[in-house]
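A.B. asks: let's see this in three dimensions:
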Amino acid sequence: MRAYLLMMLVAAAVTFVGTWAVLKLAHKYKIYPQIRSRDVHTRPTPRLGGVAMFLGLTAAVLTAGSLGWFKSVFSDPIHIIAIVVAAFLITLLGFLDDLYDLDWSLKLAGQFVVAGILAWQGVQVVSLPIAGLTIGSFGISFVATVFLTVLVMNAVNFIDGLDGLVAGVVLIGTGVFFAYSYLLAQQTSPTNYFNLASLISAIVIGMCVGFLPFNWHRAKIFMGDTGAMLLGLLMATSALTVTGQIDPQLVSRGEQIPAFIPLILPLAILVLPLLDFTWAVLRRLRAGKSPFSADRLHIHHRLQDFGHSHLGAVLVFYAWTAVISMSCLLFFFLPVSTVFSILALGIFGAVIYTIRPVIQRRFANRVKGS
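C.D. replies: The predicted model follows:
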């Protein structure tokens, strides 16, 4: 665990210093976009924080590679190289989009290319916990991997509209996923807890911790598409690599829940972003617009229209992410019936907080009427 904590610290420190440097350079050379009608912020704000996050990733990977702790992870470096190359390319794509507002079709094509590079180099879905299924076809695995990676990247990117929203949601969800992958390593490889999924998750946690102080409301800098797509890529990558640690025959031996978690947890973490993404695409297609055209009808915007403050809308996402992801993790420790009871209580609390503005308004109206 100390090795992973060190990677978190390295990623956080480099990201923090890098964000400060990017912020200074952006203001010095006025590298920031004009305020758009859909924006919540009211002053021009740099949105190249993802560049600093990539620096944090690179520094942590280089540090891990130089330590004997992670020797088994770097014994076959092809996956690490593919991940870093893909991260660089998605960072470059996001950087260009943040500066020049690329056409959505060009950006989507770039995402598919990056996801294809990962899949081509073997970072793929290996097994699915469905009737003990191992994917034997490279083509099926390739297509599934590319689709899931692009889906997660866009889901994360679509909710990047409020200060601290993406960084906080990813921090919470990836923190839970790190705990899961670490516990899984203890079960599947009790003599060696070091694995690629846990390493990536630890680095992502550090990147978010290092960036959040600059992105908390009122944000001094945004991560932009650069950071959002990078985080989505890394989240997808950690989920993909952990499928290789699961023996699909676990299901046939009755250990169903641990086998299903690699499939469920990444989707659970991103339940609100995925809903927002699906809703936005359908809404825009129905209106005859591009599915990637911008508007101010995302869930986080509607939460503000509903009566939540800027921070309140962000905390709604935090609450739902924590409830769902932590409930998945509890399957490692508690009986299924107990977990579902805890999940029900958590959902009840999250619903109450989500509709809190309505409750407050009704209470205020009753007070006035009495």
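
A.B. asks: make it CA atoms for all contacts and neighbour counts henceforth
C.D. replies: OK.

A.B. asks: mind giving me the packing neighbours of the stretch of helix or strand residue 15 belongs to?
C.D. replies: Per DSSP states H and E, residue 15 falls inside helix 2-28. Packing partners of helix 2-28 (3 or more C-alpha pairs under 8 Å, 6 or more residues apart in numbering; DSSP states H and E): helix 49-65, helix 196-215.

A.B. asks: out of the ones you listed, nearest to residue 289?
C.D. replies: Closest approach to residue 289 among the helices and strands packed on helix 2-28 is made by helix 49-65 (28.1 Å; C-alpha to C-alpha).

A.B. asks: could you tell me the angle between the closest one and helix 2-28?
C.D. replies: Compare the direction of helix 49-65 with that of helix 2-28 by axes from the mean of the first three to the mean of the last three C-alpha atoms, to 10 degrees and you get 150 degrees.

A.B. asks: residue 109 is nearest to which of the helices and strands packed on helix 2-28?
C.D. replies: helix 49-65 (19.9 Å).

A.B. asks: any idea whether the nearest residue to residue 65 once chain neighbours are set aside is helix, strand or coil?
C.D. replies: Of all residues not flanking residue 65 in the chain, residue 74 sits nearest, at 6.5 Å (C-alpha to C-alpha, 6 or more residues apart in numbering). Recorded secondary structure, residue 74: coil (DSSP: H, G, I helix; E, B strand; the rest coil).

A.B. asks: for residue 93, see how far away residue 74 is.
C.D. replies: From residue 74 across to residue 93, the span is 27 Å (C-alpha to C-alpha, to the nearest Å).

A.B. asks: got it, and residue 225?
C.D. replies: Per C-alpha to C-alpha, residue 225 is found 8 Å from residue 93.

A.B. asks: give me the more crowded residue out of those two.
C.D. replies: Higher neighbour count among residue 225 and residue 93: residue 225, with 28 against 22, using other C-alpha atoms under 10 Å.

A.B. asks: for the residue nearest to residue 65, grab the count of nearby residues.
C.D. replies: The burial count for residue 74: 20, using other C-alpha under 10 Å.

A.B. asks: and it, what's its pLDDT?
C.D. replies: Residue 74 is assigned 87 on the pLDDT scale.

A.B. asks: can you give me the helices for the stretch 151-300 of the chain?
C.D. replies: Assigned by DSSP state H, counting those that start in this stretch, the stretch 151-300 of the chain shows helices spanning 165-188, 196-215, 224-242, 256-269, 271-286, 299-306.

A.B. asks: and these: which comes nearest residue 145?
C.D. replies: When the helices of the stretch 151-300 of the chain are compared by C-alpha to C-alpha, helix 224-242 sits nearest residue 145, at 7.6 Å.

A.B. asks: give the rounded mean pLDDT of the closest one.
C.D. replies: Here the average pLDDT along helix 224-242 is 90.

A.B. asks: same check on stretch 326-343?
C.D. replies: For stretch 326-343, the mean pLDDT works out to 85.

A.B. asks: what would the helices and strands packed on helix 2-28 look like in CSV with mean neighbour count, distance to residue 109 and mean pLDDT?
C.D. replies: Formatted as CSV, those follow (neighbours: other C-alpha atoms under 10 Å; distance: least, C-alpha to C-alpha, whole Å; pLDDT from 0 to 100):
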stretch, mean neighbour count, distance to residue 109, mean pLDDT
helix 49-65, 24, 20, 95
helix 196-215, 26, 25, 94
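
A.B. asks: output those as CSV; include the columns distance to residue 312.
C.D. replies: Converted to CSV, those look like this (distance: least, C-alpha to C-alpha, whole Å):
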stretch, distance to residue 312
helix 49-65, 23
helix 196-215, 16
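
A.B. asks: shaky segments in the stretch 151-300 of the chain?
C.D. replies: For the stretch 151-300 of the chain, the stretches flagged by pLDDT under 70 are 188-191, 243-269, 290-298.

A.B. asks: hmm, try it at 90
C.D. replies: In the predicted model, the stretch 151-300 of the chain carries pLDDT under 90 at residues 151-152, 154-163, 173, 176-177, 179-197, 217-219, 236, 238-300.

A.B. asks: the closest residue to residue 199 other than its chain neighbours: neighbour count?
C.D. replies: Excluding its sequence neighbours, the residue lying closest to residue 199 (C-alpha to C-alpha, 6+ apart) is residue 4, at 6.6 Å. Look at residue 4: counted by other C-alpha under 10 Å, it has 22 neighbours.

A.B. asks: can you start the count at 3 instead of 1 from here on
C.D. replies: Let's use 3 as the start, then, which means that last one is residue 6.

A.B. asks: list the contacts for residue 6?
C.D. replies: By C-alpha atoms under 8 Å, 6 or more residues apart in numbering, residue 6 lies in contact with 200, 201, 204.

A.B. asks: same thing with residue 329?
C.D. replies: 341, 342, 344, 345.

A.B. asks: out of these, which are buried?
C.D. replies: The neighbour-count test (16 or more other C-alpha atoms under 10 Å) marks 341, 342, 344, 345 as buried among these.

A.B. asks: so which strand or helix has the second one?
C.D. replies: Right, residue 342. Assigned by DSSP H and E, residue 342 falls in helix 338-356.

A.B. asks: can you pull the buried residues of that helix?
C.D. replies: Those would be 341, 342, 344, 345, 348, 349, 352, 355, 356, for helix 338-356 by 16+ other C-alpha under 10 Å.
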